[in-house]
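Asks: I would like to see how this sequence folds:
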Amino acid sequence: MLIKNAEFVISATSPKQYPSDNLPQIVLVGKSNVGKSSFINTMLNRKKLARTSSEPGKTRQINFYSVNNDFYFVDLPGYGFSKMSKAQQVEVGNFIEEYLSKSKNISLIVFLIDIRHAPTENDRLMYNYIISQNIPCIIITNKADKIAITKVNKACEDLQNSLNPLHDLVFLPFSSERKIYTEKVWEEIEKRL
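Replies: Now for the predicted structure:
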């Protein structure tokens, strides 16, 4: 994928704020510190398009990024570690669910999990929700630079056995540091565009 232009468009919390151009949307989900912003920056070859933070849970709205004026990366707020109040967590949870259930333009969900850890209960809840909604999905086992390169494929396979025993979803390693896995991820995304 040749990235000619990429830009932040809008942060939304309700359907009336979503872009209305009906372009395909590639939606990123995952827990708060799994690296969705770094994933966006790496895939789009930009350093600071999506804001990264050392403090998990900074994204509290649905962020839309236009790519080549052809489709969007949509970054959903992470779950799990955020310092939000219970009321804020419920509010964010509600608008995420509203987006996932009502948006007609979702082409693919890119579900990021940490390659170093077994899926959390929240990861399993998100996985089950995606499957129940019958939305196309690939799983990115992120932070592959944090383990030995010789162990990456086995770790990816173990996570698939744990989360997706039917092996009917694509699991791919990824590292924003190494940038060596982006082509395979783009191949999967392009199949859905």
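Asks: Spell out, range by range, the strands that occur in this protein.
Replies: 6-12, 25-30, 62-67, 71-75, 106-114, 137-142, 170-173 (DSSP state E).
Asks: Serialize those to CSV and add fields for mean neighbour count.
Replies: All C-beta spots, glycine's among them, are computed from the backbone N, C-alpha and C. Shown next, in CSV, are the strands of the chain (neighbours: other Cβ atoms under 10 Å):
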stretch, mean neighbour count
strand 6-12, 15
strand 25-30, 24
strand 62-67, 22
strand 71-75, 24
strand 106-114, 22
strand 137-142, 24
strand 170-173, 20
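Asks: mind checking which of those is nearest Val92?
Replies: strand 62-67 (9.5 Å; Cβ to Cβ).
Asks: helices or strands up against that closest one?
Replies: strand 6-12, strand 71-75, helix 86-102 (3 or more Cβ pairs under 8 Å, 6 or more residues apart in numbering; DSSP states H and E).
Asks: quick one: strands adjacent to the first one?
Replies: Within its sheet, strand 6-12 is paired with strand 62-67 (antiparallel), according to DSSP bridges.
Asks: Next, the angle from the strand it pairs with to strand 25-30.
Replies: Counting by axes from the mean of the first three to the mean of the last three Cα atoms, to 10 degrees, strand 62-67 lies at 130 degrees to strand 25-30.
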